[in-house]
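S.K.: Show me the folded form of this:
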Amino acid sequence: MPASSSRWTRCRSRWTYWRCRPPCSGATKPNAGEQVLVLESLQTQFADNNGDNYTRQCRGAFFLLEQKAAGVDAWEILDRTELSGEEMMAAARHEYENNLKIRWPIGSILADAVGPLHDGTWYGTRFDFEIIAPANAGLKYNPAAFNQ
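M.R.: Sure thing, here's the model as predicted:
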């Protein structure tokens, strides 16, 4: 993902919606109306075509959440977080579009509305995705890795 775009800025290894409040100490708390990204999971499963090819199938999920401000409808938040998540997924897929070995199947991207969460004021969208990459080199036996 690019280091910054018109809507996302990188702040100490996490993506913050719109801006990172300076100075970025890493302990900033989002205000109502700002979105936060929470990685839920990332797991890898290996597959074999019963021939000469191994693949690494990574499945992950993340939340984009926003705290509801007074006078804001929850459906507006759900629409905004869904749009932001789609933009993030498009940017991530764009980074790999010229690498034919790594695939982000469009059919594996799912989005679910979530909320209310926590104290009843957080709403957002949960995204699931899958990345498929070669694993032949990673699964090749290397006896030198076990020598002392």
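
S.K.: What are the boundaries of the helices in the protein?
M.R.: 74-95 (DSSP state H).

S.K.: Strands of that one, residue ranges please.
M.R.: 8-11, 14-17, 35-48, 54-67, 110-117, 122-134 (DSSP state E).

S.K.: how far off helix 74-95 does the fifth one point, in degrees?
M.R.: Okay, so that is strand 110-117. On the basis of axes from the mean of the first three to the mean of the last three CA atoms, to 10 degrees, strand 110-117 is oriented at 140 degrees to helix 74-95.

S.K.: Mind giving me the packing neighbours of strand 110-117?
M.R.: Packing contacts for strand 110-117, counted by 3 or more CB pairs under 8 Å, 6 or more residues apart in numbering; DSSP states H and E, involve strand 54-67, helix 74-95, strand 122-134. (Each C-beta comes from the backbone N, C-alpha and C, glycine too.)

S.K.: TSV for the ones you listed, including distance to residue 32, mean neighbour count and mean pLDDT?
M.R.: As requested, those are arranged in TSV below (distance: least, CB to CB, whole Å; neighbours: other CB atoms under 10 Å; pLDDT from 0 to 100):
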stretch	distance to residue 32	mean neighbour count	mean pLDDT
strand 54-67	5	19	93
helix 74-95	10	16	93
strand 122-134	10	20	94
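
S.K.: Can I get the ones you listed in JSON lines including distance to residue 40?
M.R.: Output for the helices and strands packed on strand 110-117, formatted as JSON lines (distance: least, CB to CB, whole Å):
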{"stretch": "strand 54-67", "distance to residue 40": "4"}
{"stretch": "helix 74-95", "distance to residue 40": "13"}
{"stretch": "strand 122-134", "distance to residue 40": "7"}
